[in-house]
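**Student:** fold the stuff below for me.
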Amino acid sequence: MGSKARSPTDQGGKRTGRGSHQEKIHADTLWQCDFVSKPMWTMKGLVDLYFVVFLHLGTRRCWISPCTLSPDSAWVSQQAKNFLMEAEDLELAPKYVMRDNDTKFSAQFDEMFKTSGVEIKRTVPLSPNLRAHVERFIQSLKQECLDKFVIVAERHLNYVNREWRLHYNRERPHEARGHLTPGCEKPPETNDAIRPNDVVCSSRLGGLLKHYERRAA
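**Tutor:** Numbering: from 1, shown residues only. Below is the predicted model of the structure:
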């Protein structure tokens, strides 16, 4: 009798470690998602802005939605649609999307994925380790970027998130990918020695995010 393929969470809600067998099997088709909030200063005091992040396990590529003050069902489902279109363009269309039980993830959000043939995997309560990769991504986003800014407008946060996303996907080496960036498919083919004058530095967000690369020939 043939064995039945398992989904990313078919282990009784347990996780066997960062490089678990099930995650490796589904890495190319599994995205994890979560909500993030960031306070914004207004004339009436602090209010929370919300946005959704998605992280692809295979490449560690991220997608970040625009922010909103009102993450209602219509807004959340629109972000799901936008994410699906971009994932398709990147040839990283999901088979599974893993999320927690946050009530902001509405039935309409789930339905947007189901109609596209994507299976929603809801983690059991109080089990953040099941989405450890996206949790670690959010921690990096906050510590390396968002915590450095006082946000004063929605477009301000969208700009900061957009710059972080470009930096993370294109410029920031990732240890889990052999120090390649999430957007890089293979290392550069060169064995030439690099001299100090061959290296140039580019930056984003006023120098907060820096990237060093070889000067173009």
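**Student:** quick one: residues contacting Leu57.
**Tutor:** 23, 26-28, 30-32, 133 (CB atoms under 8 Å, 6 or more residues apart in numbering). Glycine gets a C-beta too; all of them are placed from N, C-alpha and C.
**Student:** one more time with 10 Å, if that's ok
**Tutor:** Residues in contact with Leu57 (CB atoms under 10 Å, 6 or more residues apart in numbering) are 8, 23-24, 26-32, 96, 98, 133-134, 176.
**Student:** what about the residues you listed, which are in helices?
**Tutor:** Counted as lying in helices by DSSP state H, out of the contacts of Leu57, are 23-24, 26, 133-134.
**Student:** by neighbour count, which of the residues you listed wins?
**Tutor:** Val134 (23 neighbours; other CB atoms under 10 Å).
**Student:** quick check: chain neighbours aside, which residue is closest to that residue?
**Tutor:** Gln32 (3.8 Å; CB to CB, 6 or more residues apart in numbering).
**Student:** how many neighbours does the one you found have?
**Tutor:** Neighbours around Gln32, by other CB under 10 Å: 26.
**Student:** isn't it up against Val97?
**Tutor:** Yes. With contact defined as CB atoms under 10 Å, Gln32 and Val97 form a contacting pair (7.7 Å).
**Student:** need the overlap of contacts for those two.
**Tutor:** Common neighbours of Gln32 and Val97 (CB under 10 Å, 6+ apart) are 54, 121.
**Student:** find the least confident helix or strand in the chain, judged by mean pLDDT.
**Tutor:** helix 21-26 (a mean of 70; mean pLDDT, DSSP states H and E).
**Student:** buried ones in stretch 169-182, by neighbour count?
**Tutor:** Buried residues in stretch 169-182, counted by 16 or more other CB atoms under 10 Å: 169, 171-172, 174, 177, 180-182.
**Student:** tell me the two of those residues that are most distant?
**Tutor:** Within the buried residues of stretch 169-182, Glu171 and Arg177 form the most distant pair, 13.2 Å apart (CB to CB).
**Student:** now do the shared contacts for those two.
**Tutor:** Both Glu171 and Arg177 are contacted by Cys184, under the criterion CB under 10 Å, 6+ apart.
**Student:** just the helices in the chain please.
**Tutor:** Using DSSP H, helices in the chain cover 21-26, 73-89, 107-114, 132-144, 154-170.
**Student:** how about those in a markdown table, adding distance to His56?
**Tutor:** Converted to a markdown table, the helices of the chain look like this (distance: least, CB to CB, whole Å):
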| stretch | distance to His56 |
| --- | --- |
| helix 21-26 | 11 |
| helix 73-89 | 8 |
| helix 107-114 | 15 |
| helix 132-144 | 9 |
| helix 154-170 | 10 |
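**Student:** compare the mean pLDDT across the ones you listed and name the weakest.
**Tutor:** Confidence, taken as mean pLDDT, is least for helix 21-26 of the helices of the chain (a mean of 70).
**Student:** check contacts around Ser202.
**Tutor:** Per CB under 10 Å, 6+ apart, neighbours of Ser202: 167, 171, 209-213.
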